[in-house]
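1. Sharing a model that was predicted from the sequence below.
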Amino acid sequence: MKREKTKLITSIGGQALMEGIMMRGPFKTTVAVRKADGTIEMEEIQPLNLTKKYKILRLPILRGVAAMIDSLVTGEKALMMSADKALEGEEVPEEELSKFDIWMNEHLGEKTVKVLMAISTIIAVLFCVGVFYFLPTFLFNLTAKAFPFMNDAMIWRSAYEGIIRIILFLIYMSLCTLNKDIKRVFRYHGAEHKTIFCYEYGLELNVENVKKQRRFHPRCGTSFLVLMLIVGILIGLFIPFTSVVLRSVTKILLLPLTVGIGYELIKVCGKHDNIITRIIAAPGMWMQHITTKEPTDDMIEVAIQAMNDVIPENGEDRIA
């Protein structure tokens, strides 16, 4: 189905958090969180703004790498902030705490959440490197022993590895929906998209107007990740190594190029609506059926407050 034209395309983007949303405008970034008592608390957060600080990072490809670094650092900061606010005032009964929880609280106190977040981030990075880089190459080498013809052309290897990565990504994201907390984050993700669409159509930002909007947005981070996986297949065609270690390490070293190309593609898809951009955006839009769920009214209220706080006065956020 052809995507309807919006009245404007905004540069404002967001990120779903724990019981909240971060909205990032051209001049301001705000975190809005629904606290345990039902109130919404907002706080401004300072992104890295690498492209504003260093002109060279505004060049194509490089700006994608800078945006990814900025997004990861700012997103992590916003996520920790939302966790602190969402859990503020809530105390877990001591009998429900494990010995590890008690030890962490005694030795780290208020730093416990930050330390656990840091540890979980390191584990997640190591897991992703092992699963998405080493495992597909290892599996192809095993398969190629049974089907020697697959070694005749690099396209077999690159396509096989890419498809395995996409399947693993699908499985991982599907499993995430089984966790009730992650599922709520995905619903806030839907609130974020719907609110941005409502604003782009020039409608008043209220719950009823936002509810009517679609939840799948072409500039979504999910679409960006899917595009990176597809770009990785193309880049893999030019990597001559068959060794699991050499090929995986080379792909990791080429990750900035993958990120940069993916970023340029997602910008084009967000700005233009034609048959080519719809084909490019399609896999990411399909994936959003997993990562973007229908929000509740109170989630939409959080998104609206965050959005209103970052909209500039003179339309400086318009990119089309």
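-> Looks like it came in fine.

2. which regions of the stretch 201-320 of the chain lie under the pLDDT threshold?
-> For the stretch 201-320 of the chain, the stretches with pLDDT under 70 are 320.

3. Verify the contact between H217 and C198 for me.
-> No. Using C-beta atoms under 8 Å, H217 is not in contact with C198, being 11.5 Å away. (Glycine included, C-beta is placed from N, CA and C.)

4. all strands of this protein, in order?
-> With strands called from DSSP state E, the chain shows them at 13-17, 20-24, 29-34, 40-44.

5. want to try TSV for these, with mean neighbour count as columns?
-> Below are the strands of the chain laid out as TSV (neighbours: other C-beta atoms under 10 Å):
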stretch	mean neighbour count
strand 13-17	26
strand 20-24	28
strand 29-34	25
strand 40-44	15
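
6. how about those strands, which one is nearest F127?
-> strand 13-17 (21.1 Å; C-beta to C-beta).

7. and that closest one with strand 29-34, angle?
-> 30 degrees (axes from the mean of the first three to the mean of the last three C-alpha atoms, to 10 degrees).

8. So what are the sheet partners of strand 13-17 and their directions?
-> strand 20-24 (antiparallel) (DSSP bridges).

9. Contacts for the strand it pairs with, please.
-> 12-15, 29-34, 45, 47, 74-75, 78, 82, 85-86, 188, 191-192, 302-303, 306-307, 309-310 (C-beta atoms under 8 Å, 6 or more residues apart in numbering).

10. Apply 6 Å and report the result again.
-> By C-beta atoms under 6 Å, 6 or more residues apart in numbering, the residues outside strand 20-24 that reach it are 13-15, 30-33, 78, 82, 188, 192, 302-303, 306-307, 310.

11. What's the mean pLDDT across that strand?
-> Strand 20-24 shows a mean pLDDT of 96.

12. can I get the CA coordinates of that strand in PDB?
-> The C-alpha trace of strand 20-24 is given here as PDB (Å, rounded to 0.1, in the frame of the first residue of the first chain):
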ATOM      1  CA  GLY A  20       8.800   6.600  29.200                       C
ATOM      2  CA  ILE A  21      10.000   8.200  26.000                       C
ATOM      3  CA  MET A  22      13.000  10.300  24.900                       C
ATOM      4  CA  MET A  23      12.200  12.800  22.200                       C
ATOM      5  CA  ARG A  24      15.100  14.600  20.500                       C
END
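
13. got the angle between that strand and strand 40-44?
-> 30 degrees.

14. residues touching M68, list them.
-> V259.

15. For the strands of the chain, give me CSV that also has distance to E208.
-> Formatted as CSV, the strands of the chain follow (distance: least, C-beta to C-beta, whole Å):
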stretch, distance to E208
strand 13-17, 20
strand 20-24, 19
strand 29-34, 19
strand 40-44, 18
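
16. F140 is nearest to which of those?
-> The nearest among the strands of the chain, by C-beta to C-beta, is strand 13-17 at 34.1 Å.

17. who's in contact with the closest one?
-> With contact meaning C-beta under 6 Å, 6+ apart, strand 13-17 is reached by 21-24, 75, 78-79, 82, 185, 188-189, 192.

18. pretty sure F241 contacts S248?
-> No. Taking contacts as C-beta atoms under 6 Å, F241 lies outside contact range of S248: 8.9 Å.

19. Those two: who's more crowded?
-> Between F241 and S248, counting by other C-beta atoms under 10 Å, S248 is the more crowded of the two (22 against 14).

20. quick one on the thing from earlier: nearest to R63, out of the strands of the chain?
-> strand 13-17 (14.3 Å).

21. average pLDDT for that closest one?
-> On average, strand 13-17 scores 95.

22. need the contact list for the residue nearest to M23 when sequence neighbours are not counted.
-> Excluding its sequence neighbours, the residue lying closest to M23 (C-beta to C-beta, 6 or more residues apart in numbering) is A306, at 4.0 Å. A306 makes contact with 21, 23, 30, 32, according to C-beta under 6 Å, 6+ apart.

23. same thing but 8 Å
-> Neighbours of A306 in contact, by C-beta under 8 Å, 6+ apart: 14, 20-23, 30-32, 42, 195.

24. where are the low-confidence patches of the stretch 1-150 of the chain?
-> In the stretch 1-150 of the chain, residues with pLDDT under 70: 1-7, 89-117.

25. Helices along that one, start to end?
-> Applying DSSP state H, counting those that start in this stretch to the stretch 1-150 of the chain gives helices spanning 50-53, 62-86, 99-108, 112-129, 135-146.

26. Of all those helices, which one comes closest to I280?
-> helix 62-86 (15.1 Å).

27. rewinding a little: hey, which of the helices of the stretch 1-150 of the chain is tucked in deepest?
-> Among the helices of the stretch 1-150 of the chain, the stretch with the highest mean neighbour count (mean count of other C-beta atoms under 10 Å) is helix 62-86, at a mean of 19.

28. got the contacts of A306 as CSV, with distance to S174 columns?
-> What follows is the contacts of A306, written out as CSV (distance: C-beta to C-beta, whole Å):
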residue, distance to S174
G14, 23
G20, 24
I21, 23
M22, 25
M23, 27
T30, 31
V31, 28
A32, 28
M42, 33
T195, 26
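
29. Many thanks, have a good one.
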